[in-house]
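Novice: sequence plus the predicted model coming up.
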Amino acid sequence: MQNKNWRILFQVFLFVCLFALSVGGRAAAQDSGNSSQIFITGSKVSSPPNVDLTVYGMDGSGNPLDFSQQTLTVYHNGVPSGPVTANGRTSVGTFTLFLIDIPPGVSAQLPAIQEAIKQFASPATMQEGLDVVAIYKAGETAAAQILPPEQFHNSVSNLFATPLEPELGATALLDSLGGLIDQINELKPDPAMTPAIVVMSDGTDVVSTAFSENEIASHAVAMGVPIHTIWLTNEDLSPGSQQFGQDYLASVAAGSRGLTARLQDTADLGAIWGRIASFRDQTSAIYPVQGMTGGEATVELILADGQSVSAESTVTIPGNLPMITIDLPLESRELSLPNLDKPVKLRFSTTLAWLDGETRELAAAQLKVNDLSYDIPVVDIAQFDVDVSNLGLGMNSVEVAVLDIQGLRVTSPEIQLIVTEGSKSLPPELEPGSGFLAMAGRIFLWLVVLAILLAVLIFTLRKGRLSGLADLIPRGPSHRRSAKPAEAPPTKPVIEAIQMRTIARIEVLDAETQTQPLFELSQIVERIGRSPAQSNIAFENDITVSRLHASLHLEGSHYRIFDEHSTSGTWVNDQQVPEYGIQLMDGDEIHLGAVHLRYRQP
């Protein structure tokens, strides 16, 4: 009888405590879960003077913010910069931490708990190699790890090959949960990952020493960690205690912008998994900086619709970073073409500098139009012509990428070319050979040619070389020259021997392009590359090969190979071909990107 009275008193005490928890939790939900939050998880400066921030945000209900529909303001070292442009999304990954509270009264649900976690850690929700999951259980004073952070589905399945067992001692849900909130940034394998905690519990707490009931939700919001709760039925509790435990879990979820569900409601569990997965991708937010310099800069990003919603971070800008821009006015970014079946030659001008003011050399350069890249000779980076073959009607993105001798690679800020259908019309800045320098160059060339011809003429006159010119002019029958006997034309075998003489051969050992296994070399210059228009030995499908990659020049009876400013270089017997080339010998092996050749000359 006495034990029964103590049990009744304990349940009354627990009822009062849970009621207080419920009311406090609802108040916390009202105070902490009604505003948006934004987070800066990364930054890079790969297209100076633009800074690229990786950001994500959640609204007051815990849903992801769509920054393409939001206006953002940015301060760079306290100075307003911008505008801020949402430039697509990138997959960063999620970090989900499960906390399971399993006293003896929930023993019957242990298989369902395991199945629910395995359902989360499946291809439908968790993307291997990107998302990470960890599992803890509530202990007497703190959470105990039973699965460290893992990014593979099988890790969870292997864990549950040994079934869970209930905790026989007292468990402290609040202390375990609060401690994990404090540690979550340290536990994340990648600081940029979006965190979430999933609590599976009956909602009661026997012991709590470090955290009060009202602190959990507000603390989670401050750390940017939504808590999703899944209620377990504890058969050892009275119906009233069970209800208030469920209410408390619901209030924690609402107060931290999470979702709540009962373990047996599979549809609600799927909603929680979907909410977590919706934060896998984050937004690329780009803004320009006027007068960019190297060093560390403090960046503050503000949600314009709510001035109190902001995030702050530090961006590091290398002082030795190259910076390249395409010099093309806005009014000159529209052109008209009758059709897009043939490549169109365009001229581009760029400005290249380094943030520290030093001038360095470039190792490689490319023009990228939409999804296709064109190699640029680095000596022509200031102004170059390109046969662009992949323009489309409407908007076309154009960038220039450079790699300097330090190994630093940057791209220019992207510009858009608008192509319309009609008679061919190019802006003067895009017209090949246009511009004052090109015109001056052509005039100078003509003057040089004219001066050479004039000098030859004067020299010839002085030497009397034109004195017999009159004899070359026909004067009628009386002055007809006697016909010189015609030489016999070369015989057919001689002509074929001259035209078809094979000097050497190239064997194709490895290439992605389906082509003939053997090429005969008979011309003075043989060219190898990806473009059939520029090379007589072409590997069209090998993107590792430049459009014109290398050339073979006949010197005496052997060929010498030269690299034609290719991106990946030309190699003979594992030796990179220098500027002055390498004379080829029988059996030499040649590598051009992924293409493997052998030179044969008996």
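Specialist: Received, thanks. Numbering: from 1, shown residues only.
Novice: now do the strands in the stretch 401-550 of the chain.
Specialist: All strands of the stretch 401-550 of the chain, identified by DSSP state E, counting those that start in this stretch, fall at 409-411, 415-421, 504-510, 518-521, 525-529, 537-538, 550-555.
Novice: who does the residue positioned nearest the centre of the chain form a beta bridge with?
Specialist: Centroid-nearest residue in the chain: Thr90, 7.6 Å away (criterion: C-alpha atoms, centre = their mean). Taking DSSP bridges as the rule, Thr90 bridges to Gln282.
Novice: quick revisit: so which of the strands of the stretch 401-550 of the chain comes closest to Asp586?
Specialist: Nearest of those to Asp586, taken as C-beta to C-beta: strand 504-510 at 8.2 Å. (Each C-beta comes from the backbone N, C-alpha and C, glycine too.)
Novice: partners of that closest one in the sheet?
Specialist: Paired with strand 504-510 in the same sheet, following DSSP bridges, are strand 518-521 (antiparallel), strand 595-600 (antiparallel).
Novice: deepest-packed of the ones you listed, please.
Specialist: Most buried of these, by mean neighbour count (mean count of other C-beta atoms under 10 Å): strand 595-600, with a mean of 19.
Novice: let me see the mean pLDDT of it.
Specialist: Averaging the model's pLDDT scores along strand 595-600 yields 93.
Novice: do the same with stretch 61-75
Specialist: 91.
Novice: also stretch 300-314?
Specialist: For stretch 300-314, the mean pLDDT works out to 85.
Novice: would you list every one of the helices in the protein?
Specialist: For the chain, the helices defined by DSSP state H cover 2-32, 110-120, 153-159, 173-187, 215-223, 239-255, 266-277, 436-462, 492-500.
Novice: save the strands of the stretch 401-550 of the chain as CSV, and put in mean pLDDT and distance to Ala124 too.
Specialist: CSV is the format used below for those (pLDDT from 0 to 100; distance: least, C-beta to C-beta, whole Å):
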stretch, mean pLDDT, distance to Ala124
strand 409-411, 94, 36
strand 415-421, 94, 38
strand 504-510, 92, 40
strand 518-521, 91, 52
strand 525-529, 93, 46
strand 537-538, 92, 45
strand 550-555, 90, 50
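Novice: mind checking which of the ones you listed is nearest Gln575?
Specialist: Closest of the strands of the stretch 401-550 of the chain to Gln575 is strand 550-555, at 13.7 Å (criterion: C-beta to C-beta).
Novice: in its sheet, what does that closest one sit against?
Specialist: In the sheet, strand 550-555 lines up against strand 525-529 (antiparallel), strand 558-563 (antiparallel) (DSSP bridges).
Novice: rebuild those as a markdown table, extending it with distance to Gln242.
Specialist: Formatted as a markdown table, the strands paired with strand 550-555 follow (distance: least, C-beta to C-beta, whole Å):
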| stretch | distance to Gln242 |
| --- | --- |
| strand 525-529 | 75 |
| strand 558-563 | 77 |
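Novice: can you check which of these gets nearest to Thr359?
Specialist: The closest of these to Thr359 is strand 558-563. By C-beta to C-beta, the value is 24.4 Å.
Novice: wait, His532 touches Glu540, no?
Specialist: Wrong residue type there; residue 532 is Pro, not His. Yes - assessed by C-beta atoms under 8 Å, Pro532 is found in contact with Glu540 at 6.5 Å.
Novice: and the strands of the stretch 401-550 of the chain: which comes nearest Gln383?
Specialist: Nearest to Gln383, of those and by C-beta to C-beta, is strand 415-421 at 15.9 Å.
Novice: what's stretch 379-390 in contact with?
Specialist: Outside stretch 379-390, the residues that touch it by C-beta atoms under 8 Å, 6 or more residues apart in numbering are 324, 342-352, 362, 365, 367, 369-372, 374, 376-377, 400, 402, 432-433, 435, 437.
Novice: so the residue lying closest to Thr73 once chain neighbours are set aside versus Ile146, what's the distance?
Specialist: Spatial nearest neighbour of Thr73, excluding adjacent residues (C-beta to C-beta, 6 or more residues apart in numbering): Ile302 at 4.4 Å. Per C-beta to C-beta, to the nearest Å, Ile302 is found 41 Å from Ile146.
Novice: which of those two has more neighbours?
Specialist: Neighbour totals were compared for Ile302 and Ile146, and Ile302 leads with 19 against 13 (other C-beta atoms under 10 Å).
Novice: around Ser535, how many other residues sit close by?
Specialist: Neighbours of Ser535 under the rule other C-beta under 10 Å: 22.
Novice: isn't it up against Leu548?
Specialist: Yes - at 6.0 Å, Ser535 counts as touching Leu548 under the criterion of C-beta under 8 Å.
Novice: can you check which residues contact both of those two?
Specialist: With C-beta under 8 Å, 6+ apart as the test, Ser535 and Leu548 both reach Arg527, Gly529.
Novice: and the residue found closest to Ala261 once you drop the neighbours it is linked to in the chain, what does it touch?
Specialist: Leaving aside its sequence neighbours, Ala261 sits nearest to Asp268 (C-beta to C-beta, 6+ apart; 3.4 Å). Contacts of Asp268 were listed using C-beta under 8 Å, 6+ apart, and they are Leu259, Thr260, Ala261, Arg262.
Novice: now do Gln37
Specialist: Applying C-beta under 8 Å, 6+ apart, we find Gln37 in contact with Gly57, Met58, Val221, Gly224, Val309.
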